[in-house]
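**Q** build me a model from this:
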Amino acid sequence: MFYFMILGFICGLLIPITASRFGKILPADPGTIFCSLLHRPHLPIANTDSHHRKLIRKWRKMLYFSLFWGVFMAVCFGATFRFIGFEYILWFNLFFLLIACLIAVDQQFYLLPDFFTIPLLILGFGFASFTGLITPIESFCGALYAYLIAMLSVMLMRSINARAEFGAGDAKMMAGLGAWVGYMGVNYILILAFLFFALTALIKRKDIGAFGPALGLASILILFAVYVK
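**A** Take a look at the predicted model:
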């Protein structure tokens with residue numbers, strides 16, 4: 001388990017850096033994004049003292065986020081090994097990595113790119129087909145149910161000229177989550193996500209913000225609740 005936690009820590013350290021590059025890449029097709037992420041980044045050079053101090057604050061913030069994600073992913077990788085089983089560790093760790101990337105990107109840029117949501121959906125169907133923890137029918141119904149819930153919410157909000165609660169990225173992310181947990185799991189994720197979002201809004205005293213982080217955190221907790229032995 002220790003080695004998996006070390007691997008999770010290393011993966012977590014790279015998440016904020018990966019997410020920060022999306023601001024210069026999107027919108028773009030998946031092939032362009034993949035090549036850009038592999039390309040060596042150009043580090044900014046400070047020309048003035050004020051710019052230097054700004055860069056120091058930026059890198060310090062990046063370091064804190066990297067350490068947070070490193071610890072978080074180490075805990076997730078270790079918990080999968082301990083409570084769910086070695087035979088499923090690859091599936092669950094890929095799920096955690098995709099969710100973490102979605103959360104990090106949404107926090108910075110308020111978007112949930114197809115580059116992560118589509119693989120989340122495909123892996124969910126693969127998870128259902130090869131693990132036996134959820135049937136393919138349950139996986140498909142969960143994805144369809146989650147997507148329809150999101151789209152109906154958008155249609156309802158627009159019909160009464162209110163701000164839509166879900167964007168296209170949220171709907172795709174929900175469909176991906178539904179493929180992993182089924183339609184009943186989607187209900188639990190939504191309830192928990194709305195609670196997290198409301199709590200965050202109260203703390204920050206803002207009624208708007210990215211919904212992806214709340215969805216992601218709720219999905220990780222529900223995934224463990226559904227599949228823990």
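
**Q** quick one: low-confidence ranges for this protein?
**A** Segments of the chain classed as low confidence (criterion: pLDDT under 70) are 23-53, 55, 157-166, 207, 229.

**Q** for Leu190, give its distance to Asp170.
**A** Relative to Asp170, Leu190 is positioned 11 Å away (criterion: CB to CB, to the nearest Å). For glycine as for every other residue, the C-beta is placed from the backbone atoms N, C-alpha and C.

**Q** could you do Lys58 as well?
**A** Spatial separation of Lys58 from Asp170 under the definition CB to CB is 28 Å.

**Q** so for those two, which sits in the more crowded spot?
**A** Here Lys58 and Asp170 are compared on neighbour count by other CB atoms under 10 Å; more neighbours surround Asp170, at 24 against 12.

**Q** that one contacts Gly212, doesn't it?
**A** Yes: between Asp170 and Gly212 there is a contact under CB atoms under 8 Å: 6.7 Å.

**Q** do a quick rundown of the helices in this protein.
**A** In the chain, helices defined by DSSP state H lie at 2-20, 22-25, 30-38, 49-79, 89-109, 114-131, 136-159, 168-204, 212-227, listed in chain order.

**Q** coming back round to it: what is in contact with Asp170 and Gly212 at once?
**A** Residues within reach of Asp170 and of Gly212 at once, by CB atoms under 8 Å, 6 or more residues apart in numbering, are Leu112.
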